Each structure stands twice: as C-alpha cells, then as structure tokens.
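Novice: attaching a predicted model along with its sequence, questions to come.
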Amino acid sequence: MVEQVFYCYVLRSEKTGRRYVGSCRDLDNRVRRHNAGESKATKQGVPLVLIRSESFSSRSEAVQRERYYKTGRGRDELDRAGTQPT
C-alpha cells in the first residue's frame, strides 16, 4: 500500500507581497497551477513563491494546519518565522 502525503503550504506573491495558505496532495502541481493563473484567489498575484510547506499523513491534518495559519495566532506564527507579507 502506498502511503499518501498531504501538504499545507504558504505562498508569497512577488507582485503584491501577500501570503496565500492552502493544502493539497500534489504540491509541485498545485504551485504550478497557482503560477499558471488557474486559481481565482491568487491569479492577480503571480508569480508566487513557495515559502513554507509541511507534510501530513492525512488530509484532515493538512486542512487543520491550513485553517490554523488563517487565524490571527497562525498569522502571527508565520510572521515570527520570517514569512510575513511585505
């Protein structure tokens, strides 16, 4: 049985400096799709660079981390880690 890996990731727009937090199964493909303008939420900010990613053994864990990073406390943690928006 192949173990599936899920990711929570943080992107930064080189155009606007804003951060975007998401989760997915295929990280390389997801970042490529963001940069191709295929995501409504990020297409105005391309190009985007991956500034953080974390892997999890379940989708629910990845989504839980994504939701955490979207809270005030999670944004503060990203800021302290040096991933603050410009």
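Specialist: Now that the structure is in, tell me what you want to look at.
Novice: residues contacting the residue lying closest to Cys8 once chain neighbours are set aside?
Specialist: In space, and not counting its chain neighbours, Cys8 is closest to Arg65: 4.0 Å by CB to CB, 6 or more residues apart in numbering. To be clear about C-beta, it is placed using only N, CA and C from the backbone, and glycine gets the same treatment. Each residue near Arg65 by CB atoms under 8 Å, 6 or more residues apart in numbering is listed here: 8, 23, 54, 56.
Novice: any idea how far Tyr20 is from Arg65?
Specialist: 14 Å (CB to CB, to the nearest Å).
Novice: any idea which helix is longest in this protein?
Specialist: Using DSSP state H, we find that the single longest helix of the chain is helix 59-69.
Novice: report the rounded mean pLDDT for stretch 30-49.
Specialist: Mean per-residue pLDDT for stretch 30-49: 97.
Novice: report the buried residues of that stretch.
Specialist: 30-31, 34-35, 39, 42, 45-46, 48 (16 or more other CB atoms under 10 Å).
Novice: also stretch 59-77?
Specialist: Buried, per 16+ other CB under 10 Å, within stretch 59-77: 62, 65-66, 69, 75.
Novice: next: stretch 15-35.
Specialist: 19-24, 27, 30-31, 34-35.
Novice: of those, which is the nearest to Thr83?
Specialist: Nearest to Thr83, judged by CB to CB, of the buried residues of stretch 15-35 is Arg19 at 6.9 Å.
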